[in-house]
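Colleague: sequence? don't have it. structure:
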């Protein structure tokens, strides 16, 4: 049995924290409640969007991994990227966070080990 919390619980906790802090968090695509990967669109301010995914770094520790094409701050580029990923992985969660320090909220909430 894994000691990692289910993806659905992590997503719920993240959205609650962001919304309670005055930001806006929303599910763009719902993934597998138990073990779906979590991709996040982080909007730190006007015109500053980037994509990260919950994964593991080179040492095996949980980390937020930057992904997507270079220059993916364009909302249409981000949208195209995650939709293609979702076609290949229907269990993928896609979460959008619109709050200053979005990466900090994500890291503090979903990096659980």
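Modeller: That came through fine. Everything quoted here is computed from the prediction, not taken from an experiment.

Colleague: now what about stretch 57-72, what contacts it?
Modeller: Residues outside stretch 57-72 that contact it (CB atoms under 8 Å, 6 or more residues apart in numbering) are 39-40, 49-56, 77-78, 81, 103, 106-107, 110-113. Just so you know, the C-beta spots here come from the backbone N, C-alpha and C atoms, and that holds for glycine as well.

Colleague: average pLDDT for that stretch?
Modeller: What stretch 57-72 shows for mean pLDDT is 82.

Colleague: tell me who's in contact with the most centrally placed residue in the chain.
Modeller: Centre of the chain computed as the mean C-alpha position; nearest residue by CA atoms, centre = their mean is residue 40, 2.2 Å away. Neighbour list for residue 40: 51, 52, 53, 54, 64, 94, 95, 96, 97, 102, 106 [criterion: CB under 8 Å, 6+ apart].

Colleague: part of a strand, is it?
Modeller: Yes - using DSSP: H, G, I helix; E, B strand; the rest coil, the secondary structure at residue 40 is a strand.

Colleague: which ones among the contacts of stretch 57-72 lie within helices?
Modeller: 77, 78, 81, 103, 106, 107, 110 (DSSP state H).

Colleague: tell me which of these is nearest to residue 33?
Modeller: Taking CB to CB as the measure, residue 110 is the one of these closest to residue 33, at 14.4 Å.

Colleague: quick one: contacts for the closest residue to that closest one other than its chain neighbours?
Modeller: Among residues not flanking residue 110 along the chain, residue 10 sits closest, at 4.6 Å (CB to CB, 6 or more residues apart in numbering). By CB under 8 Å, 6+ apart, residue 10 lies in contact with 38, 54, 109, 110, 112.

Colleague: quick check: closest non-adjacent residue to the second one.
Modeller: Right, the one you point to is residue 54. According to CB to CB, 6+ apart, the nearest residue to residue 54 is residue 38 (4.4 Å).

Colleague: pretty sure that neighbour is touching residue 91, no?
Modeller: No - here residue 38 does not reach residue 91: they are 10.4 Å apart, not a contact under CB atoms under 8 Å.
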